[in-house]
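1. Everything below, folded, please.
(chains A and B)
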Amino acid sequence: MSLDFATPMFLIERNKERCFNCQICIRQCANEAHKWDSKKGQVYSIDANCVNCHRCVLMCPTRALSVKKFPWEFRYNANWTPEAIRQVYLQAESGGVLLTGMGNDRPYPVYWDHMLLNASQVTNPSIDPLREPMELKTYLGRKPDVLKIKKGKILEEMPPQLELDVPIMFAAMSFGAISLNAHKSLAAAAKKMGTYWNTGEGGLHADLVEYGSNTIVQVASGRFGVNREYLNVGAAIEIKIGQGAKPGIGGHLPGEKVGEEISKTRMIPQGTDALSPAPHHDIYSIEDLRQLIFSLKEATEYTKPVFVKIAAVHNVAAIASGIVRAGADAVVIDGFRGGTGAAPLRTRDSVGIPIEFALAAVDTRLREEGIRNKASIVIGGTIRNSADVVKAIALGADAVYIGTAALLALGCHICQKCYTGKCNWGIATQNPQLTKRLNPEIGQERLTNLLKAWAHEIEELMGGMGINALESLRGNRLMLRGIGLNDRELNILGIKAAGE
Amino acid sequence: MTVLIDAKGLHFEELNQRIRKTLQSGAEKIIIDNVNGQRYIGAGIKGTQTLIINGIPGNDMAAYMDGLELVVYGNGQDAIGNTMNKGKIIIHGNAGDTLGYAMRGGQIYVKGNVGYRVGIHMKGYQDQIPVVVVGGKAGDFFAEYMAGGIQILLGLNLKAGERIVGDFCGTGMHGGVIYLRGRVEEHQVGREVKIVDVEAGDLEIIAKHVKNYAQYFNIDFQQVMAKPFVKLIPYNKRPYGNLYTSY
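-> Now for the predicted structure:
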């Protein structure tokens, strides 16, 4: 075996005066970064095993622990950053594809932070949401071209719609990528807040069938857990073509994660790799996509909206147009900062485009083609706060998905090691010793708190603009101004510059 | 109770609605005449009834189907039995691409040949063992990503020089078993696939399904069994376990 050239990523510092060798850190760390030295009768740390998830730091009763970036000894080099060097070392050692988790962490521009919202001054009054009614209700689904109304009643039958009390849903994260307790937290919070959670492509656990009316069931290329009951128990069906973290590639749930519960839920044997290939084998064109959409509609007798989720890629506007024409009730676009349980590093960090551009391009294109009413637009891929939600809706989204933000609410510290199955927060793991750390009741409460807080902030921001219904903000790009953007970027976003 | 439906000129949405209603009203058997490309026949239906389909049903026949028996007097098109859970399909003709895609249970018997990517990502789960039996040959990417179940190619009536299966057979295979009545070259199969001899237990399984095939299509069972079979299995159920390095 050759010498491992890679230095540790993190340095664990233990304050010897505070540490009384209680060994809680040892029990809390699934990565085995803390060990017991029985000869010396004291705890010691192995820096190389630390992923900086903060579990030990927060659980230490005397606050004796802190984790820092390992002091790199490399001579400064703007091209050969410590990360770049480390990656070469790791691959020279192993010959493997570099695997990572969560979303793109590179310093690409975040365009939400280059857009500013408007507010009313003098010429039209702002609205105080504490005293005046505000409407956040959203309906997702195909809307008819014209509405015929007679005596206050809509004459034709409306296509199936999802009713959302807040325009925020929980993004697709499979049972396998995350734990059952995480799914339970998401499902219960969605139900409580009048919104939806998404199973991801790993099926719906039997315990969660009761949340069906707040569940979006996903169908991906692996078809895991997909049967007649699954399709009919959900409120909507989402066909997953791609995801923002890894556009153009599929997923592998490693066999060691496929235990009894996952085996039952995915309906595959225990211990086998759950391979989700990049393409659906029956989709090679928009016409083929239409075939799948209508097979799902037929199987559910046209009672459920069918969403199609794609990653934000270069030709996203044309692809979205095709998806709408294929009969989808909603187009879901996932930006290149979107999270994942596992993705090859190169794909995560180098493939796809920012969601802000993709959303603006799709909304513009569908309007230009006169088909914007035929499908809702849902976006995801780093919605970090309520202002991002408001900006997304002003750019043209009907609703947003949050994934990473929801996991943060459950305790995630974005250590990016989801794929190891050793999540010390009980989220991205199937180890029963770890999953029990996430209490679904508390998880539900934290998620509910987050959505309540965001909903109120959205109302405040809308009220400030003099808008009392989300419907009036949707696609209202006059409420946005760009800052620090060039003409081309402003043009794609379809917004004016600050001061114009 | 047997009910007759004339599919002539009907859009798939109307035809399938009539099929569902007829089944709900207690029909045990429906004979559907003049079927001409209507998609999704039997899709998403749970039950134990029989549909006799005269003509050529369209794509995605029996998608997500759960228990019905479908007998097609004609050729089938693409994606027959897509993600099917249970039931039986008998096709008195040829069938197209991606037959049995992600199929989890039930049986499909095709008298003639099938197209590309047949039996792709077929699964098995607990006591559900999906079975595909094809009388003739299959195209490229047969049993790609196969994860479970049994697929049998009989290679009957092959012309001189014709191969029983195309290229890239079993690429990405990580479960299940393929039986071929005939020869396959190493270069035709995916690198995840091992070609082995059949054993007594295998012959029992093959005989069981060939017997059904022979009975459905009135073919001599002994004659089919007289020719040797080979067996294709995956090297392991985790073909990509060592692909990655933790960053």
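
2. which non-adjacent residue is nearest the residue of the stretch 401-500 of chain A found nearest chain B?
-> Among the residues of the stretch 401-500 of chain A, residue A:420 lies closest to chain B, at 6.5 Å counting by CB to the nearest CB. Yep, even glycine has a C-beta here, placed from its N, CA and C like the rest. Counting by CB to CB, 6 or more residues apart in numbering or on different chains, residue A:420 lies nearest to residue B:246, which is 6.5 Å off, once chain neighbours are set aside.

3. Next, the contact list for residue B:246, please.
-> Residues in contact with residue B:246 (CB atoms under 8 Å, 6 or more residues apart in numbering or on different chains) are A:99, A:417, A:419-420.

4. just residue A:338 next, same as before
-> A:103, A:171, A:243-245, A:311, A:355, A:380-382, A:403-404.

5. Quick one: list the elements packing against the helix or strand that contains residue B:17.
-> Residue B:17 belongs to helix B:12-24 when elements are defined using DSSP states H and E. Other helices and strands packing on helix B:12-24, by 3 or more CB pairs under 8 Å, 6 or more residues apart in numbering or on different chains; DSSP states H and E, are helix A:286-299, strand B:2-6, strand B:29-36.

6. Tell me which of these is the most buried.
-> helix A:286-299 (a mean of 22; mean count of other CB atoms under 10 Å in any protein chain shown).

7. What average pLDDT does that one get?
-> Mean pLDDT, helix A:286-299: 97.

8. Pull it out as PDB, backbone CA atoms only.
-> Taking C-alpha atoms only, helix A:286-299 is exported to PDB below (Å, rounded to 0.1, in the frame of the first residue of the first chain):
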ATOM      1  CA  ILE A 286     -41.200  14.100 -26.400                       C
ATOM      2  CA  GLU A 287     -43.700  11.700 -28.000                       C
ATOM      3  CA  ASP A 288     -42.400   8.900 -25.800                       C
ATOM      4  CA  LEU A 289     -42.700  11.100 -22.700                       C
ATOM      5  CA  ARG A 290     -46.300  11.700 -23.700                       C
ATOM      6  CA  GLN A 291     -46.800   8.000 -23.800                       C
ATOM      7  CA  LEU A 292     -45.500   7.700 -20.200                       C
ATOM      8  CA  ILE A 293     -47.600  10.700 -19.000                       C
ATOM      9  CA  PHE A 294     -50.700   9.200 -20.400                       C
ATOM     10  CA  SER A 295     -50.000   5.700 -19.200                       C
ATOM     11  CA  LEU A 296     -50.000   7.200 -15.700                       C
ATOM     12  CA  LYS A 297     -53.100   9.200 -16.400                       C
ATOM     13  CA  GLU A 298     -54.800   6.100 -17.700                       C
ATOM     14  CA  ALA A 299     -53.700   4.100 -14.700                       C
END
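
9. Is it in proximity to chain B?
-> Yes - Helix A:286-299 comes into contact with chain B (CB under 8 Å from any CB of the partner chain), by way of A:291-292, A:294-295, A:298-299.

10. which non-adjacent residue is nearest residue A:106?
-> residue A:349 (5.1 Å).

11. can you give me the helices for chain B?
-> For chain B, the helices defined by DSSP state H occupy B:12-24, B:200-217, B:221-225.

12. Redo the ones you listed as TSV? Include distance to residue A:118, mean pLDDT and mean neighbour count.
-> Shown next, in TSV, are the helices of chain B (distance: least, CB to CB, whole Å; pLDDT from 0 to 100; neighbours: other CB atoms under 10 Å in any protein chain shown):
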stretch	distance to residue A:118	mean pLDDT	mean neighbour count
helix B:12-24	46	97	17
helix B:200-217	69	97	15
helix B:221-225	76	96	14
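
13. Fine by me, we can end here.
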